[in-house]
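Colleague: Could you look at this predicted model? Sequence included:
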Amino acid sequence: MKQIPLHGLVFMLFLISISCSKTEAPLPYGPTPSENQMRWQEMEYYAFIHFSLNTYTDQSWGFGDEDVSLFNPEKLDTRQWARICKEAGMKGIIVTAKHHCGFCLWPTETTEYSVKNAPWKDGKGDVIRELADACKEYGLKLGIYVSPWDRNNPEYGKPEYITIFRNQIKEVLSNYGDVFEIWFDGANGGTGYYGGANENRKIDRTTYYDWQPTYKMIRELQPNIVIWNDGGDRADLRWVGTEGGWVGETNWCLLNSTDEVPFEMLHYGVENGNAWVPGEVNTSIRPEWFYHPSEDTKVKTLPQLMDTYYNSIGRNATFLLNFPIRPNGLIDERDEKAALDLAEAVKEAFAVNLVVNAKAEASNVRGNSRKFGAANAIDSDKNTYWTTDDEVKTASLTIDFGEIKSFNRFMAQEYIRLGQRVKSFTIEAMVDGEWKELDKQTTIGYNRILRFPTVEATKLRLNITDSKACPLISNIGVYDAPQILTPPKVIREQSGNVKIIPADQESEIYYTLDGSEPTSGSIKYTSPIETGDGKVDVRAIAYDPSNRKSSQISGERFDIARKTWNILSTEDKKVYAVIDGDIASVWNQPRDKKIPVDLLIDMGKEENLTGFKYHPNQSPWGPGIITDYQFFVSSDNKKWKLVSEDEFSNIKNNPLWQTKNFGPIKARYFKFSALKNTEGNDNVGYGEVDVITK
Ligand code: FUL
């Protein structure tokens, strides 16, 4: 090897050092995050706690006249909340210190409607104090929800209330240590108790709360706080326009600070907005925010929660996941399990970053300086980044793994301290010596994660195809996430065909039709299975061949096929949703029908019936769940015989399959008559209806 003379080496080092020192970092572009917003963004994932008098009344919104003596959580344990949140990987907890009903979880001086007048701890309790202590113990940050709307307070709607409201904020921000976020919900004005007035009070949400002095007071009391407000003046964070657990794929951290933005822009942000207002995805681990026993069976599944993870943290937002506290003061163990399963799945998905031992090369490096070189994008250091010369708006970064790697997730982060810049990008993989496009997307922001079917490739290329100014990429991750093996869904369509639907498209499905245990040696599912007209007992598993792991078994024992069935009680073709095999597709009787109301079915031929099954509509709003019924059968659709009359006990709390048996009887027609529902009105709905035959 040729030796470089010492003076040459010194000269080279000198050149490198001047090229480093001469190359300046890019100037900020457009609005940039404050330190508080940056600290908040890096928290990524934190909890919401909904707990109030609603917990005891099965309501979503209390009216404001609920009795304080209902509040008596005999096992309240905020350390249990904190432990679960910590184990779930969350960084903080935001609690409903006051919800719309006006009940305060701390002994406030501003109203009598608080814990100080509740039987819990003889009025000496303070939920916020206990939570603040538990957060401290578990290294979590505390956040506070104080509802601006107060359906209890007699002064609500008058100027006097604003002073009361400010004093409440002052109390919670002065007495419990550092608060990382304050949450002002937008629900505003309307009917309420209002100290006994029982009336409708409307307020002008743009002026009534006079937010600016309140914001000033908040920032003085808590200099490190971020303010979330979807009801009034623009604050530090924005609602993403839905509680469904997602933000737009295109997600700018910008909005216009003064102009009203069209509602749907909350999903996407405003590309050229003049203020940094990043999005927070808030959603509950169950359909509703407060605890309702009827939702014990509706805790979100791992695939649902995982989707929310990708659709929030994976789309440049934070993820605020709610736990409804049970009346006893604890998080339900089903909710705990769901949150911990999610944490485990996230850990597994992102366990190994394949870029760690790879090499990175860029089409352009700012001033050819190592300080801004491609390697900064794969060093897992959030403070370093790859960037280009100022005029460059399209650039690519190639990661060479040096060998074939399997992967199905891509993560990128912009160095947002200098502004969010990337407008569009693609990713490609080098498969069998050729570049193959894996995805084409718009914004990146603080964090973007893409999911795609597993590829085997030697290189990955990120192409920035448009950017507001030179792009700054601080981190890239490439992962091979294991499949989430939830048991597949098994349904038998009206035709009699059985469909098996995996939660993860990449998993294989194996099944049996005789009730025996399926394994990866059983029949592989490829398309709907013809199973004839008779009974069939289907068992299935999802299987990941790369890890040789199977899901738990799912199974259904189906009675006769419903191919020849006709529904005679309505002309509405949508009614066939009740016999399509899918409980998620539902049908409700027309609104003008009054109870009792019938579902009349012609089975097309005589069957020997021994019972029937009903699955209610599970939607949260007006499902029309039948509680009391009669079941009639007939051979000619003229003469009817009542074979079963009863109630579905506990169907409200447990809206699942209900089975009723009766002595064998031959019939071709049946009539399922709804006599009463859980809502006390005439609404009647169905998820599925089926029969049991001998
Ligand atoms: C909503 C409120 O009205 C709900 O009750 C809940 O607190 C949720 C987080 O915000 O808009």
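Modeller: Structure received.

Colleague: And the strands in the stretch 301-450 of the chain?
Modeller: 318-324, 359-362, 386-387, 395-414, 422-431, 434-441, 448-467 (DSSP state E, counting those that start in this stretch).

Colleague: partners of the fifth one in the sheet?
Modeller: Right, the one you point to is strand 422-431. strand 434-441 (antiparallel), strand 448-467 (antiparallel) (DSSP bridges).

Colleague: Report the rounded mean pLDDT for it.
Modeller: For strand 422-431, mean pLDDT is 98.

Colleague: Let's see that strand as CSV, backbone CA atoms only.
Modeller: Provided in CSV are the C-alpha atoms of strand 422-431 (Å, rounded to 0.1, in the frame of the first residue of the first chain):
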residue,chain,number,x,y,z
VAL,A,422,-40.9,17.0,2.7
LYS,A,423,-44.0,17.1,0.4
SER,A,424,-43.7,13.7,-1.3
PHE,A,425,-41.4,10.7,-1.3
THR,A,426,-41.2,7.1,-2.6
ILE,A,427,-39.3,4.1,-1.3
GLU,A,428,-37.8,1.4,-3.4
ALA,A,429,-36.1,-1.9,-2.7
MET,A,430,-33.4,-3.6,-4.7
VAL,A,431,-35.0,-7.0,-5.5
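
Colleague: The stretch 151-300 of the chain: strands as residue ranges?
Modeller: Using DSSP E, counting those that start in this stretch, the strands of the stretch 151-300 of the chain run over residues 179-184, 190-192, 199-201, 226-229, 238-239, 254-255, 275-276, 279-284.

Colleague: Give the other helices and strands that the fourth one contacts.
Modeller: Which is strand 226-229. helix 35-41, strand 179-184, helix 211-221 (3 or more Cβ pairs under 8 Å, 6 or more residues apart in numbering; DSSP states H and E). For the C-beta atoms, the positions are set from N, CA and C on the backbone; glycine is no exception.

Colleague: ok, now which ones touch the residue in the stretch 551-694 of the chain that the ligand sits nearest to?
Modeller: Proximity of the stretch 551-694 of the chain to the ligand (Cβ to the nearest ligand atom) peaks at residue 620, 12.7 Å away. Applying Cβ atoms under 8 Å, 6 or more residues apart in numbering to residue 620 gives the contacts 287, 288.

Colleague: Contact residues of the stretch 1-150 of the chain facing the ligand?
Modeller: Contact residues, the stretch 1-150 of the chain versus the ligand (Cβ under 6 Å from any ligand atom): 60, 61.

Colleague: residue ranges for the helices of the stretch 1-150 of the chain, please.
Modeller: 6-22, 35-41, 54-57, 78-87, 127-138 (DSSP state H, counting those that start in this stretch).

Colleague: Next one: residue 109 relative to residue 173, how far apart?
Modeller: Separation of residue 109 from residue 173 (Cβ to Cβ, to the nearest Å): 14 Å.

Colleague: Specify which residue of those two has the higher count of neighbours.
Modeller: Comparing residue 109 with residue 173 by other Cβ atoms under 10 Å, the one with more neighbours is residue 173, at 21 against 9.

Colleague: Pretty sure that one sits against residue 179.
Modeller: Yes: using Cβ atoms under 8 Å, residue 173 is in contact with residue 179, at 5.7 Å.

Colleague: Can you work out which residues contact both of these two?
Modeller: Common neighbours of residue 173 and residue 179 (Cβ under 8 Å, 6+ apart) are 144, 222, 225.

Colleague: so where's the chain shaky on pLDDT?
Modeller: Within the chain, the ranges that satisfy pLDDT under 70 run 1-21, 189, 231-232, 259.

Colleague: domain ranges for it?
Modeller: 35-348, 359-479, 489-558, 566-693 (automatic domain parsing).

Colleague: How far does the first one stretch from one end to the other?
Modeller: So the one you mean is domain 35-348. Domain 35-348 has an end-to-end distance of 31 Å (Cα to Cα, to the nearest Å).

Colleague: Strands of the stretch 451-600 of the chain, residue ranges please.
Modeller: 472-479, 489-492, 498-501, 508-512, 523-524, 536-544, 549-550, 554-558, 566-567, 587-588, 597-615.

Colleague: quick one: buried residues of the helix or strand following the last one?
Modeller: Going back to what we said before, that points to strand 597-615. Per DSSP states H and E, the first helix or strand lying C-terminal to strand 597-615 is strand 626-634. For strand 626-634, a neighbour-count test (16 or more other Cβ atoms under 10 Å) marks 626, 627, 629, 630, 631, 632, 633, 634 as buried.

Colleague: From the contact counts, what lies against the next helix or strand after strand 626-634?
Modeller: Remark: after strand 626-634, the chain's next helix or strand is strand 641-647, criterion DSSP H and E. Where contact means 3+ Cβ pairs under 8 Å, 6+ apart, strand 641-647 is packed against strand 597-615, strand 626-634, strand 658-677.

Colleague: Comparing the ones you listed, which comes out most buried?
Modeller: strand 626-634 (a mean of 20; mean count of other Cβ atoms under 10 Å).

Colleague: Okay, now the sheet partners of that strand, with direction.
Modeller: strand 641-647 (antiparallel), strand 658-677 (antiparallel).

Colleague: Distance to residue 130 added to those, as TSV?
Modeller: Below are the strands paired with strand 626-634 laid out as TSV (distance: least, Cβ to Cβ, whole Å):
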stretch	distance to residue 130
strand 641-647	41
strand 658-677	40
